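Undergrad: Structure for the following, please:
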Amino acid sequence: MLKQTPLYNLHLELGARMVPFAGYLMPVQYGNGTLHEHLHCRSHAGFFDISHMGQCLILGDDAVPELGQLIPSDISGLKSGDQKYTVLTNSDGGIMDDIIITRIDTGLMIVVNAACKDKDFKHLYSHLGGRCCFNELTSQALFALQGPAAASIMEKFSAQAAELSFMQACGTNIKGIKCNVSRSGYTGEDGFEISVGHHYAEQLARLLLAEDDVEPIGLAARDTLRLEAGLCLYGHELNESITPVEAGLQWLIKKADNNFPGAEKILAQLQHGSEKIRVGLLIDSKIPVREGSVICNSEGIAVGYVTSGSFSPCLDQPIAMAMLDPYTVDLGSPLYTMVRDHRITVTLTPLPFIPHRYYR
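TA: Coordinates of the predicted model:
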């Protein structure tokens, strides 16, 4: 039985096409289509219902050191209201999920991916349950407001939230509705994520959607936005057989500490390099190159595979991310892939494809 978010009826009212996603019925696009939604978010502001994602609290004096043993990042210095992006790792160094941690006065708040939340919460509870208080926030919705107009819109509703910098959070009130707001997101744009109780979810959503610059954005545009921003998607660039080093996330690893799952492999890769690395590709064709496409060198030898691929509305050409043999990348040799018997040249390019516009 597919679940519904608190905004299900509102999505239907707004003309959304609903599809199954991570156990939920979610809006994949609205009446104007994915291309319009994507460009509107880049030029104005987009409203995203991300209530399918998991939210939980880890409370108590030991919350920080206990969670710190399950992740490769240092969270000991986080002050109340600070956020950190990191990953949960398994004993082989693979990524169980990527998560956002927010330090709060009483412990930590965590947002996890929808498809991973049952696994994540079981993992967290089994490791923390005896020493910390673990609470799944089942009655909280989650929204994102993203785009260059997001800050001026937020300023109308909460001056406190509008003053946040990237990866900071606060508790605030929007028109009398209590919520938690962070300056973060998954589009590469400036913006906010808002956690609010189910009972007030539709009321708050309608408030934001009533703003002239705001339009609803579905899952399809959310994916093309994050791809242009060079951001990883769990199940594509991240999974339990890909390490943070291979995913290009070495910046989040605490290098002087080996007290986390998979540390031996991850720290060895930091020192000696890994067998594959995440890269960006520009596609020399109007034909998009999709996930799973094999990347070959000029001699026809497979050197990697595409993890995500789509058309970039801002670059007006197909783009992709891939896992490649680092030797191939260093060599800079010509690369190609095959799509429906067409040999298509692909060119390595730095990530992100579109510069981030986070507010720091």
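Undergrad: Name the residues of stretch 154-173 that are buried.
TA: Within stretch 154-173, the residues scored as buried using 16 or more other C-beta atoms under 10 Å are 154, 157-158, 161-162, 164, 166-170, 172. Where C-beta positions appear, they are placed from N, C-alpha and C, glycine not excepted.
Undergrad: actually stretch 25-36, not the one I wrote
TA: Buried-residue list, stretch 25-36, by 16+ other C-beta under 10 Å: 25-30, 34, 36.
Undergrad: hang on, the earlier thing: widest-spaced pair of the buried residues of stretch 154-173?
TA: By the measure C-beta to C-beta, F157 and M167 form the most distant pair in those, at 20.3 Å.
Undergrad: pLDDT weak spots in the stretch 1-150 of the chain?
TA: 129 (pLDDT under 70).
Undergrad: what ranges do the strands span in it?
TA: With DSSP state E, counting those that start in this stretch as the criterion, the stretch 1-150 of the chain has strands at 3-4, 17-21, 24-29, 45-49, 54-59, 83-89, 95-104, 107-112, 133-136, 140-146.
Undergrad: cool, the stretch 151-300 of the chain as well?
TA: Applying DSSP E, counting those that start in this stretch to the stretch 151-300 of the chain gives strands spanning 169-174, 177-182, 191-197, 214-216, 277-283, 294-297.
Undergrad: who wins for proximity to E240 among the ones you listed?
TA: strand 277-283 (15.8 Å).
Undergrad: Next, format the strands of the stretch 151-300 of the chain as a markdown table and append mean pLDDT.
TA: Output for those, formatted as a markdown table (pLDDT from 0 to 100):
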| stretch | mean pLDDT |
| --- | --- |
| strand 169-174 | 98 |
| strand 177-182 | 98 |
| strand 191-197 | 98 |
| strand 214-216 | 99 |
| strand 277-283 | 97 |
| strand 294-297 | 96 |
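Undergrad: now the ones you listed as a markdown table including distance to S73?
TA: Below are the strands of the stretch 151-300 of the chain laid out as a markdown table (distance: least, C-beta to C-beta, whole Å):
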| stretch | distance to S73 |
| --- | --- |
| strand 169-174 | 17 |
| strand 177-182 | 17 |
| strand 191-197 | 19 |
| strand 214-216 | 33 |
| strand 277-283 | 18 |
| strand 294-297 | 30 |
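Undergrad: I'd like to know which of these is closest to P350.
TA: Each of the strands of the stretch 151-300 of the chain has some distance to P350 by C-beta to C-beta; the shortest is strand 277-283, at 6.4 Å.
Undergrad: helices or strands up against that closest one?
TA: strand 302-312, strand 317-324, helix 326-331, strand 342-349 (3 or more C-beta pairs under 8 Å, 6 or more residues apart in numbering; DSSP states H and E).
Undergrad: one more time with 10 Å, if that's ok
TA: strand 302-312, strand 317-324, helix 326-331, strand 335-339, strand 342-349 (3 or more C-beta pairs under 10 Å, 6 or more residues apart in numbering; DSSP states H and E).
Undergrad: Quick check: buried residues in the last one?
TA: When you say that, I think you mean strand 342-349. Residues of strand 342-349 classed as buried by neighbour count (16+ other C-beta under 10 Å): 344, 346.
Undergrad: What strands line up against that strand, and which way round?
TA: Strand 342-349 pairs in its sheet with strand 277-283 (antiparallel), strand 335-339 (antiparallel), by DSSP bridges.
Undergrad: what residues are up against the closest residue to S293 other than its chain neighbours?
TA: What sits nearest to S293 in space, not counting adjacent residues and going by C-beta to C-beta, 6 or more residues apart in numbering, is V306, at 4.2 Å. Contacts for V306 (C-beta atoms under 10 Å, 6 or more residues apart in numbering) come out as 236, 281, 283, 288-295, 320-324, 337, 346.
Undergrad: can we see that at 7 Å?
TA: Applying C-beta atoms under 7 Å, 6 or more residues apart in numbering to V306 gives the contacts 289-293, 295, 320, 322.
Undergrad: Kindly indicate the member of those residues with the most neighbours.
TA: Greatest neighbour count in those, by other C-beta atoms under 10 Å, goes to A322: 28 neighbours.
Undergrad: Okay, and the beta partners of that one?
TA: Assigned bridge partners for A322, using DSSP bridges, are V279, V306.
Undergrad: quick one: it and G304 touch, right?
TA: Yes - with contact defined as C-beta atoms under 7 Å, A322 reaches G304; the gap is 5.2 Å.
Undergrad: Can you pull the residues that touch both of the two?
TA: Residues touching both A322 and G304 by C-beta under 7 Å, 6+ apart: I295.
Undergrad: Nearest to K265 among the contacts of V306?
TA: A322 (21.7 Å).
Undergrad: Domain boundaries for this protein, per the record?
TA: Domain assignment for the chain by automatic domain parsing gives 3-52+138-228, 275-349.
Undergrad: Quick check: L225 vs Q83, distance?
TA: 20 Å (C-beta to C-beta, to the nearest Å).
Undergrad: So for those two, which residue has more residues nearby?
TA: Set L225 next to Q83 and count neighbours by other C-beta under 10 Å: L225 wins out with 29 against 20.
Undergrad: Okay then, goodbye and thanks.
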